[in-house]
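Asks: Prediction below, plus the sequence it came from.
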Amino acid sequence: MEKIIDETLQGTAVHVAKKETNTRNLYIESYGCQMNFSDSEIVASILAKEGFNTTQHLEEADLVLVNTCSIREKAELTVRKRLEKFNAVKQNRPHMKVGVLGCMAERLKSKLLEEEKIVDMVVGPDAYKDLPNLVQEIDEGKNAVNVILSKEESYGVVAPVRLNSNGVTAFVSITRGCDNMCTFCVVPFTRGRERSRDPQSIIEEVNDLWTKGYREITLLGQNVDSYLWYGGGLKKDYTKASDMQKATAVNFANLLEQVALAQPKMRIRFSTSNPQDMTLDVIHTMAKYTNICNYVHLPVQSGSNRILKEMNRLHTREEYFELIDNIKRIIPDIAISQDMITGFPTETEEDHQDTLSLMTYVKYDYGFMFAYSERPGTMAARKLEDDVPQETKKRRLSEIIALQRQHCQEKTEQHLGQVQEVLIEGLSKKSDAHFMGRNSQNTVAVFPKEDYKVGDFVMVRMNSCTSATLIGEAVGYSEN
Ligand code: SAM
């Protein structure tokens, strides 16, 4: 199967161990990207100090929060459907309050209160530290809104509680917001301008995770390669930084190295990379440290130079190929994945063929593929007519998915016969007698449990596979 956004995670209610002194129940559900799931951990941490335990049962909630996504129209429709469900539950629990968090909250602001009568509270992604005040307001029977976007907020001082954790892998946010202004994308409007988190607090979080038994972290941001710490503040204001700030600035390659050295046994991944910002330094750092996984998520969105320009992606197809060639030269066993949008305004059959030929050149290991969805307020919505018929979008999408599926199969088969290090994350979905984990390239592997345990690094001989899962047998512990 092609890899698309993990639908099984969408809408998951998150849950952590109860604190005896807490008296109220928080039900928090998350949609969209990994950043949102990571933000929900920050929210749960803030509200744990306000007397809330998490629950996975909507019917016993005193406060229901839904952390939302605006990236495509469908994501917003899903949330509106959930609000209907919350409304039904509220009939039997009149004291229950409902808050909308995240990108949809930021996009619609107080309009959400007017449109969705069930909603008591609307909180944008930079306002979570204000939740104690906002909750107090709704407790007093008022509606509460905070959608102020910040120049500074990176939640560096909030130690997230790990929700629904396997205890082995964790996300660590390193940047917030995005300055790219891709014409299709709502993120700069919902998550604000780009800012980076203090490397010291990142390292402290990683060290703490190691001590708690975590063995893999994913550094998270909309555009991680653009990470730049110069003492705080927006990325765009770096030009105004002092000479001292510039001389001691930390970029993504530096940060990656610091994290790799701080915890040499911890596996490190990162997401998302943007081709225009990914430097050779980053690739060399990946090659230098064995604990940085050989996997890069490098969205391209289209294979056509004309469409890339219309999307305001600041690179050409040829520059992308150069980057891919460099990555494969420096790290030959790298796995690469993509995001692709099909049916962007004005996309012709020729543009679509360019996308297919780009995919054939790169041969991605995985792909996340979407039909273009016009988002209000974006440059594309303002300047370009959404003129590719739905049927055509669908057909082109199915063609790129079919090609990706073929590549995925070929790429998975390349691991066969090898003995690779796998970090055990938990039980296989299909069998309690098997563990599942991932190799460095992020391919899922399943194998008989024997005496191994979750969190172990084991060497697995890859004997057979489906299109995206390796099936093997453990041959011993990893020496790493
Ligand atoms: N920051 C990353 C980047 O720029 O590559 C990822 C941003 S977004 C959260 C994840 C993916 O959603 C994008 O890479 C893109 O493929 C897709 N996406 C964003 N806006 C979209 C839109 N209006 N319609 C369809 N897909 C969209």
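Replies: Great, that's in hand.
Asks: wait, what's in contact with Gly455?
Replies: Each residue near Gly455 by CB atoms under 8 Å, 6 or more residues apart in numbering is listed here: 167-168, 213, 215, 423-424. All C-beta spots, glycine's among them, are computed from the backbone N, C-alpha and C.
Asks: near the ligand, which residues of the protein?
Replies: Listed as neighbours of the ligand in the chain under the rule CB under 6 Å from any ligand atom: 33, 71-72, 178, 180, 182, 184-185, 187, 222-223, 272, 274, 299, 301, 339, 341, 370, 372-373, 375.
Asks: Mind checking which of these are in strands?
Replies: 339, 341, 370 (DSSP state E).
Asks: May I ask which of the residues you listed has the most neighbours?
Replies: Using other CB atoms under 10 Å as the neighbour criterion, Ile341 leads those with 25 neighbours.
Asks: list the contacts for it?
Replies: Taking CB under 8 Å, 6+ apart as the contact definition, Ile341 lies against 184, 301-302, 311, 370-372.
Asks: Out of these, which end up buried?
Replies: 184, 301-302, 311, 370-372 (16 or more other CB atoms under 10 Å).
Asks: Thr443: which of those residues is nearest?
Replies: Here the nearest of the buried ones among the contacts of Ile341 to Thr443, counting by CB to CB, is Phe370; it sits at 22.3 Å.
Asks: before we move on, back to that, any of the residues of the chain next to the ligand buried? List them.
Replies: Among the residues of the chain next to the ligand, the ones that count as buried by 16+ other CB under 10 Å are 33, 71-72, 178, 180, 182, 184-185, 187, 222-223, 272, 274, 299, 301, 341, 370, 372-373, 375.
Asks: sorry, back to before: show me the two of the contacts of Ile341 that sit farthest apart.
Replies: Met311 and Ala371 (14.6 Å).
Asks: As a check, name the ranges of all helices in the stretch 251-400 of the chain.
Replies: Under the criterion DSSP state H, counting those that start in this stretch, the stretch 251-400 of the chain contains helices at 252-262, 280-288, 305-310, 317-330, 349-362, 379-383, 390-413.
Asks: for the stretch 51-200 of the chain, same thing?
Replies: Ranges of helices in the stretch 51-200 of the chain, per DSSP H, counting those that start in this stretch, are 73-90, 103-108, 111-115, 131-139, 187-191, 199-211.
Asks: Please identify the most buried of these.
Replies: Greatest average neighbour count among those goes to helix 103-108 (a mean of 25), per mean count of other CB atoms under 10 Å.
Asks: Quick check: mean pLDDT of it?
Replies: Throughout helix 103-108, pLDDT has a mean value of 95.
Asks: got the helices of the stretch 51-200 of the chain as TSV, with distance to Lys235 columns?
Replies: Converted to TSV, those look like this (distance: least, CB to CB, whole Å):
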stretch	distance to Lys235
helix 73-90	26
helix 103-108	19
helix 111-115	29
helix 131-139	26
helix 187-191	12
helix 199-211	15
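Asks: Among those, which comes closest to Asn53?
Replies: Between the helices of the stretch 51-200 of the chain, helix 131-139 lies closest to Asn53; by CB to CB that is 14.2 Å.
Asks: what pLDDT, on average, does that closest one get?
Replies: Mean predicted confidence for helix 131-139 is 96.
Asks: Alpha carbons only: can I get that helix in CSV?
Replies: What follows is helix 131-139, C-alpha atoms only, in CSV (Å, rounded to 0.1, in the frame of the first residue of the first chain):
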residue,chain,number,x,y,z
LEU,A,131,-5.6,28.0,28.6
PRO,A,132,-5.8,28.3,32.4
ASN,A,133,-7.4,31.8,32.0
LEU,A,134,-9.6,30.7,29.1
VAL,A,135,-10.9,27.7,31.0
GLN,A,136,-11.7,29.9,34.0
GLU,A,137,-13.8,32.1,31.6
ILE,A,138,-15.8,29.3,30.3
ASP,A,139,-16.3,28.0,33.9
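Asks: Nice, that's everything, thank you.
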